[in-house]
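Chemist: Next input, structure requested:
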Amino acid sequence: MTLTTTTVQDLYPTRGTSEVMTPRQDPVVWGPASSPELRSYERDGFLAVDQLITEDEVAVYHAELERLISDPAVRADERSIIEPKSQDVRSVFEVHRISEVFANLVRDERVVGRAREILGSDVYVHQSRINVKPGFGASGFYWHSDFETWHAEDGLPRMRTVSVSIALTENHDTNGGLMIMPGSHRTFLGCAGATPKDNYKKSLQMQDAGTPSDEALTAFADAHGIRLFTGRAGSATWFDCNCMHGSGDNITPYPRSNVFIVFNSVENTALEPFAAPVRRPEFVGARDFTPVR
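Modeler: Just a heads-up that it's a prediction; the model follows:
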């Protein structure tokens, strides 16, 4: 029998008439926090790694990124998101299914092993994509919690999901790098406003529904501060699904590209959306819960 939201308590209400703060109801590290790295992740909601993949591997993955974004068939695919102003490719989703090169990265024990360690179970890929942020005006991603969207629009019931962003170009402090509010993962901010139908078509270019108010963001920033992540190509940032994060526009000449993989526990599979009229497409929020092997 297929479960629906009528049989599962909604622990994280959102998309109502007003913003709602809910203390986190779930662990951050689902297995034992048996190392300094895991304890740091549990405390801050993220873990920065100076070098997850080697320079030679960066070259392979970056070449594959360039191949994908220059392929007319990939550009025409609905899984490719186009930058509104420049008409350049902004993101390509489900890259672990489009590309065997990125499929191998997902299966790499340095990647999937850490996800299993944090989530305390086997995992599957809820979402994968390459993000391309070329210089001279590529737009950023506004402040948000990924879990707010994945809960509201994909039906993930619990905070048992982790993301990794692996840099394929150098992250300077000027070219639109990832920003996170440390400790923000401890509070769920339920956003105000109903979810429009097919919201994903707009939100993948520019977030609107599911974005916090200026007042809430100011309070979060005052309480937690903001950490900007820099690092060479091959570095990575693991972060909890409920971290408040975003990135600015890239107006420098220096591109910023990364591969982004979201692992979800096989014990936290998606139900029906908690606050949206229909599910998002599977290339954005997977319905294949096959564990990564």
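Chemist: In the helix or strand that contains Phe220, which of the residues would be classed as buried?
Modeler: Using DSSP states H and E, Phe220 maps to helix 214-224. For helix 214-224, burial by neighbour count (16 or more other C-beta atoms under 10 Å) applies to Ala216, Leu217, Phe220, His224. In this view, the C-beta of every residue, glycine as well, is placed from N, C-alpha and C.
Chemist: which residues does the second one contact?
Modeler: When you say that, I think you mean Leu217. Leu217 makes contact with Trp143, Met244, according to C-beta atoms under 8 Å, 6 or more residues apart in numbering.
Chemist: Look at it and report its pLDDT.
Modeler: At Leu217, the model reports a pLDDT of 98.
Chemist: Could you spell out the sheet neighbours of the helix or strand following the helix holding Phe220, each with its direction?
Modeler: Going down the chain from helix 214-224, the next helix or strand is strand 227-228, by DSSP H and E. Applying DSSP bridges to the sheet, strand 227-228 is found paired with strand 178-180 (antiparallel).
Chemist: residue ranges of the strands in the stretch 51-200 of the chain, please?
Modeler: 80-82, 89-93, 123-133, 141-145, 161-167, 178-180, 187-190 (DSSP state E, counting those that start in this stretch).
Chemist: mind checking how far stretch 223-236 is from the chain centre?
Modeler: 15 Å (C-alpha atoms, centre = their mean, to the nearest Å).
Chemist: Show which residues not belonging to it make contact with it.
Modeler: Taking contacts as C-beta under 8 Å, 6+ apart, the residues outside stretch 223-236 that touch it are 44, 46, 48-55, 57-58, 62, 164-173, 177-184, 237, 244.
Chemist: go on, stretch 86-96?
Modeler: 68-69, 74-75, 77, 79-83, 98, 102-103, 105-106, 125, 127-134, 137-139, 204-205, 259, 261, 283-284.
Chemist: Return that stretch as PDB; C-alpha atoms alone will do.
Modeler: Extracted C-alpha coordinates of stretch 86-96, given in PDB (Å, rounded to 0.1, in the frame of the first residue of the first chain):
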ATOM      1  CA  SER A  86      22.300  35.200 -21.000                       C
ATOM      2  CA  GLN A  87      20.500  32.100 -22.200                       C
ATOM      3  CA  ASP A  88      23.400  30.000 -21.100                       C
ATOM      4  CA  VAL A  89      22.900  26.700 -19.400                       C
ATOM      5  CA  ARG A  90      22.600  27.300 -15.600                       C
ATOM      6  CA  SER A  91      22.100  23.700 -14.400                       C
ATOM      7  CA  VAL A  92      21.600  20.200 -15.700                       C
ATOM      8  CA  PHE A  93      19.700  17.900 -13.500                       C
ATOM      9  CA  GLU A  94      19.900  14.100 -13.100                       C
ATOM     10  CA  VAL A  95      23.400  14.000 -14.300                       C
ATOM     11  CA  HIS A  96      24.100  10.700 -12.700                       C
END
